[in-house]
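# need a structure here:
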Amino acid sequence: MKIAIIGAGSFGTAMAVVASRSGNDVLLWAHDPKVAETLAVERRNTVYLPKVELDPAIRFTSSLAEAAAFSDLLFMVVPSHHYRRVLDELGAFLTRPVDIISGTKGIENETLKRMSEISAAVLGENLRGFAVLSGPTFALETARGDPTAAVVASTDVALAERVQTALSHSAFRLYRSSDVAGVELAGSVKNVVAIAAGVVEGLGLGSNTNAALITRGLHEISRLGVALGGKPETFAGLAGMGDLVLTCTGALSRNRSVGVALGKGKKIAEILAETRAVAEGVKTSRSARALAEQHGIEMPITAEMYRLLYEGESPPVAIQRLMSRSLKAESRG
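You can find the predicted model right below:
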């Protein structure tokens with residue numbers, strides 16, 4: 001297949017590697033012409049994945065017109081706060097309906113829309129089909145060929161099967177699902193819990209605390225996801241529990257790293273200024289909290305992360321507030 005990957009960050013680059021290894025014809029789009037040129041010359045992403053050599057067959061561009069003309073299958077891997085703008089600019093060059101795969105894990109702050117909803121609103125009749133790819137997939141490990149499993153979800157079974165077949169190979173295994181909402185929400189909100197897991201480490205707390213946080217974090221994610229149309233089983237799978245455990249415990253997690261720095265006393269503005277990597281959980285904490293309030297869902301971990309990130313709350317006070325909440329049954333069953 002021909003696949004145009006929109007976004008040359010760490011995960012976009014990793015997906016270009018995966019797609020090329022699977023035998024596809026790949027074009028990787030970078031926003032900055034200098035980045036596209038460096039990728040073509042160096043055959044590696046010197047900023048995000050400097051140790052991973054890129055297949056000679058992968059092509060690069062900074063032209064959305066070229067990307068739009070290249071393929072009917074566009075893989076969007078841009079930060080959630082740029083997704084609408086980039087897709088809108090891309091849509092201006094489309095001359096026929098296309099399929100969109102989203103690898104973006106976030107919820108738009110201004111509208112509280114998921115990437116599937118934004119895609120439909122922006123492209124209209126030019127959106128032929130939509131799929132979301134998510135799961136426990138650190139970019140570096142995926143790109144270097146560590147055995148990895150993820151899930152691709154679409155209400156269009158044929159599209160899910162096509163993506164599954166196109167991207168799966170000996171080191172990358174895709175499962176398919178029809179639960180677009182569940183997979184999108186699981187992949188987005190787990191980043192908020194991962195920041196909390198980092199805070200736990202930054203405060204010097206141990207495994208007991210982290211295990212409790214991950215378990216109750218999954219409960220929050222599941223409650224919100226099911227309320228918004230997701231299927232309960234999705235949150236026990238790769239997009240839910242799998243991605244949550246990885247992001248809360250793995251040293252490569254950008255969101256967890258933000259939390260660690262917060263727990264050690266750094267301010268969020270200082271933390272974000274020191275890195276080019278995007279920690280989606282920072283913005284998602286705002287939109288997840290708003291969705292929880294809108295739907296009357298209790299999400300205490302998300303609420304505390306919002307206070308930490310946007311209201312200047314101290315990490316020890318946030319953790320103590322979580323521990324001193326009123327006692328209740330573990331589940332409603």
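# so which helix or strand takes in residue 187?
According to DSSP states H and E, residue 187 maps onto helix 180-202.
# for the nearest residue to residue 291 once chain neighbours are set aside, give me its contacts.
Excluding the flanking residues, the one nearest residue 291 by C-beta to C-beta, 6 or more residues apart in numbering is residue 112, at 5.6 Å. Where you see a C-beta, it was placed from the backbone N, CA and C, and this is true even at glycine. With contact set as C-beta atoms under 8 Å, 6 or more residues apart in numbering, residue 112 has these partners: 287, 290, 291, 294.
# again with residue 158
Contacts of residue 158 by C-beta under 8 Å, 6+ apart: none found.
# for the lengthiest strand in the chain, the averaged confidence score.
Of all the elements of type strand in the chain, the one with the most residues (DSSP state E) is strand 127-134. Mean pLDDT, computed over strand 127-134, is 98.
# packing partners for that strand?
Judged by 3 or more C-beta pairs under 8 Å, 6 or more residues apart in numbering; DSSP states H and E, strand 127-134 is in contact with strand 98-102, helix 115-123, strand 148-153, helix 157-167, helix 180-202.
# winner for burial among these?
Comparing the helices and strands packed on strand 127-134 by mean neighbour count (mean count of other C-beta atoms under 10 Å), helix 180-202 ranks first with a mean of 29.
# so how far is that one off the chain centroid?
9 Å (C-alpha atoms, centre = their mean, to the nearest Å).
# how about the residue sitting nearest the centre point of the chain: what's its closest non-neighbour residue?
In the chain, the centroid-proximal residue (C-alpha atoms, centre = their mean) is residue 105; its distance is 2.5 Å. Nearest non-adjacent residue to residue 105, counting by C-beta to C-beta, 6+ apart: residue 187, 4.1 Å away.
# show me what contacts the one you found?
105, 132, 134, 135, 239, 243.
# the last one reaches residue 148, doesn't it?
Same thing as residue 243. No - if you go by C-beta atoms under 8 Å, residue 243 and residue 148 don't touch, sitting 11.5 Å apart.
# okay, and the common contacts of the two?
With C-beta under 8 Å, 6+ apart, residue 243 and residue 148 have common neighbours 135, 136, 137.
# closest one to residue 192 out of these, please.
Closest approach to residue 192 among the shared contacts of residue 243 and residue 148 (C-beta to C-beta): residue 136, at 16.6 Å.
# assumed the closest one was part of a helix.
No - counting by DSSP: H, G, I helix; E, B strand; the rest coil, residue 136 falls outside a helix, being coil.
# turn the shared contacts of residue 243 and residue 148 into CSV, including distance to residue 144 and neighbour count.
Converted to CSV, the shared contacts of residue 243 and residue 148 look like this (distance: C-beta to C-beta, whole Å; neighbours: other C-beta atoms under 10 Å):
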residue, distance to residue 144, neighbour count
135, 17, 23
136, 15, 21
137, 12, 24
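# save those residues as JSON lines, and put in distance to residue 101 too.
Listed next are the shared contacts of residue 243 and residue 148 as JSON lines, based on distance: C-beta to C-beta, whole Å:
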{"residue": "135", "distance to residue 101": "13"}
{"residue": "136", "distance to residue 101": "18"}
{"residue": "137", "distance to residue 101": "13"}
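# relative to residue 243, how far out is residue 71?
27 Å (C-beta to C-beta, to the nearest Å).
# who has more neighbours out of these two?
residue 243 (25 against 19; other C-beta atoms under 10 Å).
# check which helix or strand covers the more buried one.
helix 243-249.
# surely residue 140 and residue 251 touch.
No - assessed by C-beta under 8 Å, residue 140 is found out of contact with residue 251, at 10.5 Å.
# the more surrounded of these two?
Comparing residue 140 with residue 251 by neighbour count (other C-beta under 10 Å), the higher total belongs to residue 140, at 17 against 8.
# which ones are touching that one?
10, 14, 49, 51, 52, 252.
# can you check the pLDDT for residue 83?
For residue 83, the model assigns a pLDDT of 98.
# ok, now how distant is it from residue 10?
For residue 83 relative to residue 10 (C-beta to C-beta), the value is 16 Å.
# same deal with residue 251?
In terms of C-beta to C-beta, residue 251 sits 14 Å off from residue 10.
# the helix holding residue 243: how far from the chain's middle?
12 Å.
# what of stretch 17-31?
19 Å.
# and stretch 64-82, by the same measure?
Taking mean C-alpha positions (C-alpha atoms, centre = their mean), stretch 64-82 and its chain are 16 Å apart.
# what do you get for stretch 48-55?
Worked out by C-alpha atoms, centre = their mean, stretch 48-55 lies 20 Å from the chain centre.
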